[in-house]
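Colleague: Have a look; sequence and predicted model below, questions after that.
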Amino acid sequence: MTTSDLKQRLIMAGVRQFAHPRGLAGRVVGQIMAHRGSNVERGAWAVSLLDVQPTDRVLEIGFGPGLAIAALAERATQGRVYGIDHSAVMVRQATRRNAAAVRSGRVRLTHASVAELPAFDEPLDAIFSVNSVGFWPDPAERLRALRGLLRPGGRIALVSQPRCPGATRDTTTRAAEELQDLLTQAGFVKPRLETLDLDPPVACVLATTP
């Protein structure tokens, strides 16, 4: 195996861990995600765009170490924040990070896939996801299923900050266009794009249910 081959394998192994953290390496990845300054800034900014109200019921898909879950819970003080993540490692880290809100019942975190959504007893007001859609099977179909969980006029925010090697502003622009197309295909309306000038830039595409 050449040095180039080894480097490529290590890069791919890292990508897989960030997509689905597992084991000891997954725990390390979770700590990296939780303490990377751009992740903290990105999450706070995107949550502010979602305009969460005190009584809202909000779902985050792919919550990772739980930074945005905490930000959502600070806003939905009389509502409820749900989260699903397909990584058991991330569920444990996010539960520890949000322990008080979990104990009070204001936050409910579930080890689940977007392809196998848990049941919710009432319609949701908002759905939120960061750097997750690219890993979903048949994302347009998944978004249609999510639209069915929202009340009329419910909101969705899909956030993308490309992390592929060499990502640029153009990479972010293409990612935003793909998200807008997916939301339209899934029946969402009034899409709008907001950007945050990090390196690379962050795109947040927001839309509503009819």
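Modeller: Cool, got the structure.
Colleague: helices or strands next to the longest strand along the chain in the packing?
Modeller: Longest strand in the chain by number of residues, with DSSP state E as the criterion: strand 150-160. Other helices and strands packing on strand 150-160, by 3 or more C-beta pairs under 8 Å, 6 or more residues apart in numbering; DSSP states H and E, are helix 37-50, strand 124-130, helix 139-147, helix 169-185, strand 202-208. C-beta here means a position set from N, CA and C on the backbone, and glycine is covered the same way.
Colleague: now with 10 Å?
Modeller: helix 37-50, strand 57-61, strand 124-130, helix 139-147, helix 169-185, strand 189-196, strand 202-208 (3 or more C-beta pairs under 10 Å, 6 or more residues apart in numbering; DSSP states H and E).
Colleague: show me where pLDDT drops low in this structure?
Modeller: 1-38 (pLDDT under 70).
Colleague: which residues sit in contact with Leu59?
Modeller: Applying C-beta atoms under 10 Å, 6 or more residues apart in numbering, we find Leu59 in contact with 72, 80-84, 108, 110, 117-118, 120, 124-129, 146, 149-150, 156.
Colleague: can you rerun that using 8 Å?
Modeller: By C-beta atoms under 8 Å, 6 or more residues apart in numbering, Leu59 lies in contact with 81-84, 120, 124, 126-128, 146, 149.
Colleague: What is the subsequent helix or strand relative to whichever strand or helix holds Ile84?
Modeller: Ile84 is located in strand 80-85, with elements delineated by DSSP states H and E. Per DSSP H and E, the first helix or strand lying C-terminal to strand 80-85 is helix 88-97.
Colleague: Can you mark which positions in stretch 132-143 are buried?
Modeller: Buried residues in stretch 132-143, counted by 16 or more other C-beta atoms under 10 Å: 132-133, 136, 139, 142-143.
Colleague: Stretch 64-73 too?
Modeller: Per 16+ other C-beta under 10 Å, stretch 64-73 contains these buried residues: 64-73.
Colleague: Between these, which sits nearest Leu183?
Modeller: Ala68 (19.1 Å; C-beta to C-beta).
Colleague: Assign a three-state SS to that closest one, would you?
Modeller: Assigned by DSSP: H, G, I helix; E, B strand; the rest coil, the conformation of Ala68 is helix.
Colleague: now Val159, nearest residue through space, not along the chain?
Modeller: Spatially, and ignoring its direct neighbours in sequence, Val159 is nearest to Val130 (4.2 Å; C-beta to C-beta, 6 or more residues apart in numbering).
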